[in-house]
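> compute the structure for the input listed below.
(one chain, ligands or ions: 3)
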Amino acid sequence: MAPVPSLPIKVGHIDDVQELRKAKPATVPERFIRDMADSPKVVPNLSSSLDIPIIDLSKLMKTDKDEVMQLKTACEEWGFFQVLNHGIDLNVVEDIENVAKDFFMLPLQEKQKYPMAPGTVQGYGQAFVFSENQKLDWCNKFALGVEPPCIRNPKLWPSKPVNFRETLEIYSREVRKLCKTLLKYIAVSLGLKGDVFEEMFGVAVQAVRMNYYPPCSRPDLVLGLSPHSDGSALTVLQQGKDSSVGLQILKGQTWVPVQPIPNALVINIGDTLEVLTNGKYKSVEHRAVTHKERDRLSIVTFYAPSYDIELGPMAELVDEKNPCRYRRYNHGEYSKHYVTNKLQGKRTLDFAKIQSKTSN
Ligand SMILES: COC(=O)C(/C=C/C1=C(C)CCCC1(C)C)=C/O[C@H]1C=C(C)C(=O)O1
Ligand SMILES: O=C(O)CCC(=O)C(=O)O
Ligand SMILES: [Fe+2]
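Ligands and ions are numbered 1, 2, ... in the order given. Model prediction:
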């Protein structure tokens, strides 16, 4: 069962940001304006020494030891990397980008046939809004559960553009294969058997979220997407070809922009892998910012274990030096917790943390 909350939620009036952009109001509505005073600083775009690691999947698949080592370092030190030679046909990558863009460019009335009801995560709209005074993201989102079939809501799969459904099916199949392959080498990089995650996950849950960020007259005042870590095991993020730079990850006390690389996909470790690895590989907080003149599109796949499974740190990764940092829980429970709370940095994972004086 997909975790769909049924709380009576009052979220107030929510402006559609693409419509707002068209109307060009003199000022940005108050509900989008954030207090950035305490926000960490941003590294300048040109500082290449702080680029996230790049992993070549074709080398990993030959079990190239150096590449496995690079993967380990990427997961330990960044929680993010870009993957080259990912094996997904570039036409498939291009097609999903086109249908996503075509969907967002439809008239509002058409998109509103697939509404994201307040407090739920599937459909078109603003996600993770639970109160009238919560700040809103400068972003339109369209999210769908994909696998297993029981999490799908077929009424939310759009009939326009006509090739949307078929394209999403093909894309999702390819991304699923990629996730399985990446998890195999992530296991190898931890010194574990390659099939450990595949065996443990059961029929994995897969969901897609398309994010469209129109330009904003005051990017300094708003956020495209609130800071959060992903609840998944692994996330695959495709940045639109002509999109502005917008994704930023928190490294230490600094937001580091992720420079799009042509034909690469961005991969990040989600909360579930953080728990399974007892914090050796961490899910890293990230956010998206907007641009004054340019729009941005991202297509994000969340890949996670079946809701049925119980999980906690793997015994191989717990010892005297690395005491157990997370409790055991049911993944369905965590999914429910995740989707019924606003995006709040890494706070959502407190659900699983064993609080100790030394834990961070
Ligand atoms: C920012 O994260 C999300 O939007 C998100 C939502 C995923 C989901 C759907 C869009 C529909 C089906 C349910 C599901 C919760 C998977 C993140 O997904 C993460 C969060 C958890 C937990 C997870 O398993 O994937
Ligand atoms: O648009 C982006 O780059 C970030 C998207 C993201 O983090 C998410 O959808 O979870
Ligand atoms: Fe994310």
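> flag every residue of the stretch 1-150 of the chain that's near ligand 1.
Counting by CB under 6 Å from any ligand atom, the positions of the stretch 1-150 of the chain adjacent to ligand 1 are 2, 121-122, 127, 143, 145. (Each C-beta comes from the backbone N, C-alpha and C, glycine too.)
> what is the mean pLDDT for the helix or strand that contains residue 96?
Taking DSSP states H and E as the criterion, residue 96 maps to helix 90-104. Average pLDDT, helix 90-104: 98.
> and what of stretch 137-150?
For stretch 137-150, the mean per-residue pLDDT is 97.
> which positions in that stretch come out as buried?
For stretch 137-150, a neighbour-count test (16 or more other CB atoms under 10 Å) marks 137-147 as buried.
> may I have it as CSV, with CA atoms only?
Extracted C-alpha coordinates of stretch 137-150, given in CSV (Å, rounded to 0.1, in the frame of the first residue of the first chain):
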residue,chain,number,x,y,z
ASP,A,137,8.8,26.4,-3.0
TRP,A,138,9.2,28.2,-6.3
CYS,A,139,8.5,25.0,-8.2
ASN,A,140,5.8,23.0,-9.7
LYS,A,141,6.0,19.3,-9.0
PHE,A,142,4.5,16.2,-10.7
ALA,A,143,5.0,13.0,-8.8
LEU,A,144,3.9,9.4,-9.5
GLY,A,145,4.4,6.1,-7.8
VAL,A,146,5.7,3.6,-10.5
GLU,A,147,6.6,0.3,-8.9
PRO,A,148,5.3,-2.0,-7.6
PRO,A,149,1.9,-1.6,-9.4
CYS,A,150,0.0,-1.4,-6.1
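> which of the helices and strands in this protein ranks last by mean pLDDT?
The helix or strand of the chain with the poorest confidence is strand 41-42; it has a mean of 84 (mean pLDDT, DSSP states H and E).
> name the strands paired with that one and say parallel or antiparallel.
strand 254-257 (parallel) (DSSP bridges).
> give the next helix or strand downstream of the strand it pairs with.
Remark: after strand 254-257, the chain's next helix or strand is strand 265-269, criterion DSSP H and E.
> check contacts around the residue in the stretch 101-250 of the chain that ligand 1 sits nearest to.
Proximity of the stretch 101-250 of the chain to ligand 1 (CB to the nearest ligand atom) peaks at residue 231, 2.6 Å away. Listed by CB atoms under 8 Å, 6 or more residues apart in numbering, the contact partners of residue 231 are 270-272, 302, 304, 334-335, 338, 348.
> recalculate using a threshold of 7 Å.
270-272, 304, 334-335, 338, 348 (CB atoms under 7 Å, 6 or more residues apart in numbering).
> so which of the residues you listed comes closest to ligand 2?
Distance to ligand 2 across these (CB to the nearest ligand atom) is lowest for residue 270, with 9.4 Å.
> just checking, that closest one touches residue 232?
Yes: contact criterion CB atoms under 7 Å: residue 270 and residue 232 qualify, at 3.6 Å.
> of the two, which one has the most company?
Neighbour comparison, residue 270 and residue 232: the larger count goes to residue 232, with 27 against 23 (by other CB atoms under 10 Å).
> from memory that one sits against residue 300, does it?
No: using CB under 7 Å, residue 232 is not in contact with residue 300; the gap is 9.4 Å.
> tell me which element residue 237 is part of?
Using DSSP H and E, residue 237 maps to strand 234-239.
> kindly report the same for residue 18.
Element membership for residue 18, per DSSP H and E: helix 17-23.
> who's in contact with that helix?
By CB under 7 Å, 6+ apart, the residues outside helix 17-23 that reach it are 104, 108, 138-140, 214-215.
> let's have these in JSON lines, adding secondary structure and distance to residue 155.
What follows is those, written out as JSON lines (DSSP: H, G, I helix; E, B strand; the rest coil; distance: CB to CB, whole Å):
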{"residue": "104", "secondary structure": "helix", "distance to residue 155": "19"}
{"residue": "108", "secondary structure": "helix", "distance to residue 155": "18"}
{"residue": "138", "secondary structure": "coil", "distance to residue 155": "28"}
{"residue": "139", "secondary structure": "coil", "distance to residue 155": "23"}
{"residue": "140", "secondary structure": "strand", "distance to residue 155": "19"}
{"residue": "214", "secondary structure": "coil", "distance to residue 155": "26"}
{"residue": "215", "secondary structure": "coil", "distance to residue 155": "32"}
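> state the pair within the residues you listed that is farthest apart.
108 and 215 (17.5 Å; CB to CB).
> between the two, which is the more surrounded one?
Per other CB under 10 Å, whichever of residue 108 and residue 215 has more neighbours is residue 215, with 16 against 12.
> for residue 226, phi and psi?
Dihedral angles of residue 226 (phi, psi; degrees, to the nearest 10) stand at phi -60, psi 150.
> pull the number of nearby residues for residue 35.
Residue 35 is flanked by 8 other residues according to other CB under 10 Å.
> how about residue 128?
Per other CB under 10 Å, the neighbour tally for residue 128 reads 20.
> flag the shaky bits of this structure, pLDDT-wise.
Within the chain, the set of residues satisfying pLDDT under 70 comprises 1-7, 45-49, 357-360.
> repeat that with 90
Applying pLDDT under 90 to the chain flags the ranges 1-15, 24-26, 35-51, 63, 117-120, 126-134, 242-245, 253, 340-344, 355-360.
> now check the longest helix seen in it, is it near ligand 2?
Assignment by DSSP state H gives helix 164-189 as the longest helix of the chain. No: judged by CB under 6 Å from any ligand atom, helix 164-189 and ligand 2 are separated, with a smallest distance of 13.9 Å.
> many thanks, we can stop here.
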